[in-house]
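*Asks:* This is a predicted model, with the sequence first.
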Amino acid sequence: MRHFLLLGFLVVFSVFLAAGSHGEMATSAELRIQLKQSSKQPEKQNKPPVLIELYTAERCPSCPPADKNLAFFEKEQPFQQAEIITLSLHVDYSNFDTRKDKFSSPIFSRRQDIYAQKFRIGSIFTPQMVVDGEFQFAGGNLEKAQKAIIEAAKMQKAKIEIVRAEDKFNIKISELPKHENTTVFLAIAEDGLASNIFGAENTIERREYTSVLRELKSLGMLGAQQNNLEIEAIMQYQPNWKKENLKLIVFVQENLSRKILGVSRINLS
């Protein structure tokens with residue numbers, strides 16, 4: 001019964017997002033009520049983590065509903081089947097000489113292009129959601145997101161432990177499922193970011209973002225016969241990052257299939 005109630009509220013949520021800000025507020029209230037009711041039920045222990053990547057851009061007119069969807073998944077964690085870990089990747093191909101997305105990077109655009117090759121889609125677009133490297137769809141489609149998350153939660157995942165000591169992190173990866181050559185990635189993301197977008201007739205639209213990817217780098221490789229790895233990473237902060245809003249995310253991804261084999265995170269506040 002809870003599954004069907006949640007689906008109903010998610011569908012209503014997407015309809016109100018398209019309708020306007022008043023509908024968004026009403027639907028958010030309904031979702032909070034639903035989540036409060038469902039929180040009385042026992043939570044499933046050791047929920048499998050699922051990674052959601054959203055490819056977005058400041059000046060993308062259709063991106064705000066997808067940005068809100070990502071924030072909803074991250075903050076509300078509405079699935080008993082899965083722990084949702086999110087990343088918002090701002091691409092740079094929407095930039096103009098005088099209008100550049102301050103969160104964008106060509107690295108993120110390249111990563112999305114690799115997904116386009118995997119999924120055999122003609123071109124990259126925003127907003128695009130990718131779930132566990134296995135499912136892709138328009139980021140505003142909550143129904144497809146729900147189906148993808150439920151399916152991704154059924155997949156076996158590696159165990160990733162992150163232990164912090166000041167600005168050093170000891171990362172232990174074990175129990176990898178059967179895999180091909182993989183890469184271990186470290187991502188630094190920041191919550192609580194926003195942009196003021198200037199439109200026609202000097203109007204200003206404020207857009208808020210969750211889990212904005214600040215840095216993405218490779219920590220190492222795992223061959224097809226390797227099931228365990230231990231790595232130490234050192235955190236380096238940029239002056240414009242707010243430490244209290246940062247989180248470190250580690251994930252393991254197959255090089256060819258792009259399937260996510262495991263993911264974990266730790267808040268840095």
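*Replies:* Nice, thanks for sending it over. Predicted model only: the values in this text are computed from it and were never measured.

*Asks:* Hmm, residue 50 is touching residue 149, no?
*Replies:* Yes. Counting by C-beta atoms under 8 Å, residue 50 does reach residue 149; the two are 5.5 Å apart. Glycine gets a C-beta too; all of them are placed from N, C-alpha and C.

*Asks:* what sits in contact with each of the two?
*Replies:* Listed as contacting both residue 50 and residue 149 by C-beta atoms under 8 Å, 6 or more residues apart in numbering are 82, 84, 131.

*Asks:* who has more neighbours, residue 50 and residue 149?
*Replies:* Neighbour totals were compared for residue 50 and residue 149, and residue 50 leads with 26 against 21 (other C-beta atoms under 10 Å).

*Asks:* Pull up the gap between the closest residue to residue 119 other than its chain neighbours and residue 118, please.
*Replies:* Distances taken as C-beta to C-beta, 6 or more residues apart in numbering put residue 136 closest to residue 119, at 5.1 Å, once the chain neighbours are dropped. According to C-beta to C-beta, to the nearest Å, residue 136 and residue 118 sit 9 Å apart.

*Asks:* quick one, what contacts the residue nearest the centre of the chain?
*Replies:* With distances taken as C-alpha atoms, centre = their mean, residue 86 lies nearest the centre of the chain, 2.2 Å away. Shown in contact with residue 86 (C-beta under 8 Å, 6+ apart): 51, 52, 53, 54, 70, 73, 74, 189, 210, 211.

*Asks:* Can you list the neighbours in contact with stretch 112-132?
*Replies:* So stretch 112-132 is contacted by 50-57, 60, 62-63, 65-67, 69-70, 89, 91, 93-94, 109, 133, 136-141, 145, 148-149, 152, 155, 257-260 (C-beta under 8 Å, 6+ apart).

*Asks:* distance between the longest strand seen in the chain and the chain's centre?
*Replies:* Across the chain, the strand with the greatest residue count (assigned by DSSP state E) is strand 212-222. Averaged C-alpha coordinates place strand 212-222 at 14 Å from its chain's average position (C-alpha atoms, centre = their mean, to the nearest Å).

*Asks:* Quick one: mean pLDDT for that strand?
*Replies:* Per-region confidence: strand 212-222 scores 97 on mean pLDDT.

*Asks:* Same question for stretch 145-153.
*Replies:* Mean predicted lDDT for stretch 145-153 stands at 97.

*Asks:* Could you check that stretch and say which residues are buried?
*Replies:* 145, 146, 148, 149, 151, 152, 153 (16 or more other C-beta atoms under 10 Å).

*Asks:* ok, so of these, who is nearest residue 253?
*Replies:* residue 152 (13.3 Å; C-beta to C-beta).

*Asks:* From the chain's centre, how far out is stretch 62-75? Work that out for me.
*Replies:* Per C-alpha atoms, centre = their mean, the centroid offset for stretch 62-75 relative to its chain is 10 Å.

*Asks:* remind me which residues of the chain are low pLDDT?
*Replies:* Residue ranges of the chain with pLDDT under 70: 1-45, 199-201.

*Asks:* quick one, phi/psi of residue 116?
*Replies:* Main-chain torsions, residue 116, degrees, to the nearest 10: phi -60, psi -40.

*Asks:* care to break this structure down by domain?
*Replies:* Using automatic domain parsing, the domain ranges for the chain come out as 1-33, 46-267.

*Asks:* Would you mind finding the most buried of the ones you listed?
*Replies:* Most buried of the domains of the chain by mean neighbour count (mean count of other C-beta atoms under 10 Å) is domain 46-267; its value is a mean of 17.

*Asks:* Span of that domain from start to end?
*Replies:* Start and end residues of domain 46-267 are separated by 18 Å (C-alpha to C-alpha, to the nearest Å).

*Asks:* likewise stretch 102-111?
*Replies:* 18 Å.

*Asks:* List the neighbours of that stretch that are in contact with it.
*Replies:* 55, 57-58, 88-95, 124, 193, 195, 209, 212-213, 216.

*Asks:* Just the ones in strands from those, please.
*Replies:* Those of the contacts of stretch 102-111 lying in strands (DSSP E): 55, 88, 89, 90, 193, 195, 209, 212, 213, 216.

*Asks:* Fine by me, thanks again.
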